[in-house]
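[1] Make a model of this:
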Amino acid sequence: IAVKYNERSVELSTRLSLVNSTTPEPNFFSEYERQIGPTKTDYIDNPRDRELLTMLRDERENNLSPYAFKSKSGQGRLTEEEPCIIRSPYERDTGRIIYSQAFRRLRHKTQVFFNPKNDHICSRIEHVIYVNYIATTIARALNLNIDLVQAISLGHDIGHAPFGHSGERALNECAKKYDSSLVFHHEMQSLRVADYLAGRNKGYKSGLNLTFEVRDGIVSHCGETYSEYRLTPCRDKKMEDLILLVRPADSMPATLEGCVVRIADKIAYVGRDIEDAARAGILEFEDIPPAIRSRLGQNNSQIINTLVADIVHHSLNKDEICLSDEAGEAMQELLKENVERIYRSDKIKRYEQRVSNTVEALFDALMAAIADPEKAERSGNSVFNELVDFAKIFKNEGQGDARIVMDYIAGMTDSFATRCYEKIYWV
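    Purely as a prediction, here's the structure:
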């Protein structure tokens, strides 16, 4: 495969050099134009532009690694659409994600530290940007499909609850109290946003209607699997498998690009969370065991550089994304240090108590309001009125009250959830 891949690269490089040549010598563009004659241009929706753009896209994808996913091999969308002339299917998905309300709200959602007054504490949208950068760097080095990687990276947390993982756990507990069949995982909620919730306020019923490969990468991105540093794609996954998924951690992505995002998620936060912990007075890089710092680096920049370089070296020309045992075990130990010394610190525990109280109080109040919408509307409380309007969209589709309230709270930013709590409980 490697030999054929290299031979194909040389052949395509030669052809593309002809395409981009500034000399007057004929190339396949000019030959094609000569055959079809002059065309009337209607923007780009004409036979000439359509075919040339398709040829260019095919050339780019044919020059990718043999293990990269090609868009023409995709399983499509839940609701089929006419293809875009300019953009690949995954570029279209990226546009839909970054223009969605769910993506915009990530700016005001917690990564680890809630409601920080320090502007340099990481927010959820910063984390997403870091994941996108790291994953794209790895994908470009391995010659994978960057369009697919970017769509998954930018969409992987669009369903995250307010208040970070503390809010996620609190929301899961509240939902189960009212309906034992419900479970909240932000990965699965991100898929639900993409498939069902996004755009409902504008009358859209198919969400963002993303491609299977992006939807799979989003729901399978689980970054909390600390012992995992060798990822092999599950290439036989089908559309229906995503609906049946129970635990995101148990399902590997269907593409190598999805695997890149899954491991980049951990790389993006493992050192960055220490930076924030230092600003909060919890932990300094100097407090990390010397053996880990010696292997991975003395700061976030060095840690990222070490892990990315190790992945590229050990994953080149392979159908897997992997770290060396030495680097993988060091990352696992560093993640465990973060758990014990940051996420379980006294300061974070006190923060979690506040989060749990806020989410539980919101859930209980909103469940009471949705059970009696007329009373809720008469109350004059804007929080209840907005919930009733939100619920009208989904009640006719058989969604239960607890599911609706869970979706409503999950879509809140930290600041909006806090304001809702204050409007309900402050006298």
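
[2] low pLDDT regions in the stretch 201-350 of the chain?
    Applying pLDDT under 70 to the stretch 201-350 of the chain flags residues 223.

[3] so where do the strands sit in the stretch 201-350 of the chain?
    For the stretch 201-350 of the chain, the strands defined by DSSP state E, counting those that start in this stretch occupy 230-231, 321-322.

[4] wait, isn't His314 in contact with Leu323?
    Yes - assessed by C-beta atoms under 8 Å, His314 is found in contact with Leu323 at 6.3 Å. Any C-beta I mention is one placed from the backbone N, CA and C, and that applies to glycine too.

[5] which one of those two has more residues nearby?
    With neighbours defined as other C-beta atoms under 10 Å, His314 and Leu323 compare such that Leu323 has more, 24 against 18.

[6] For the more buried one, which non-adjacent residue is closest in space?
    In space, and not counting its chain neighbours, Leu323 is closest to Tyr229: 4.2 Å by C-beta to C-beta, 6 or more residues apart in numbering.

[7] who's in contact with the one you found?
    263, 322-323, 327-329, 331-332 (C-beta atoms under 8 Å, 6 or more residues apart in numbering).

[8] Keep only those of those residues that are in helices.
    If you go by DSSP state H, the contacts of Tyr229 have 263, 327-329, 331-332 in helices.

[9] Tell me the pLDDT of Thr41.
    Reported pLDDT at Thr41 in the predicted model: 45.

[10] what about Lys176, neighbour count?
    15.

[11] That one against Val183, yeah?
    Yes - when contacts are counted by C-beta under 8 Å, Lys176 is listed as touching Val183 (7.4 Å).

[12] ok, now which ones touch the residue nearest the centre of the chain?
    When C-alpha atoms, centre = their mean is applied to the chain, the residue found nearest the centroid is His156 (1.3 Å). The contact partners of His156, by C-beta under 8 Å, 6+ apart, come to 128, 131, 187, 190, 217-218, 221, 261, 265.

[13] rewinding a little: show me the two of the ones in helices among the contacts of Tyr229 that sit farthest apart.
    Distances among the ones in helices among the contacts of Tyr229 were taken as C-beta to C-beta; the most separated pair is Ile263 and Glu329, at 14.3 Å.

[14] With neighbour numbers in mind, choose between these two.
    Neighbour count, other C-beta under 10 Å: between Ile263 and Glu329, Ile263 has more, with 28 against 15.

[15] which ones are touching that one?
    Here Ile263 is in contact with 228-229, 231, 311, 321, 323 (C-beta under 8 Å, 6+ apart).

[16] gap between it and Arg60?
    With distances taken as C-beta to C-beta, to the nearest Å, Ile263 is found 25 Å from Arg60.

[17] And Leu307, by the same measure?
    28 Å.

[18] more neighbours, these two?
    Taking neighbours as other C-beta under 10 Å, Leu307 and Arg60 compare with Leu307 leading, 27 against 17.

[19] what's the burial count for the closest residue to the more buried one other than its chain neighbours?
    Using C-beta to C-beta, 6+ apart and skipping the chain neighbours, the partner closest in space to Leu307 is Ile267 (4.9 Å). Other residues within reach of Ile267, judged by other C-beta under 10 Å, total 24.

[20] what's Ile267 in contact with, if anything?
    Contacts of Ile267 by C-beta under 8 Å, 6+ apart are 134, 303-304, 307-308, 331.

[21] Helices - which of those residues land there?
    134, 303-304, 307-308, 331.

[22] Out of those, flag the one nearest to Gly76.
    For these, the closest approach to Gly76 (C-beta to C-beta) belongs to Ile134, at 28.5 Å.
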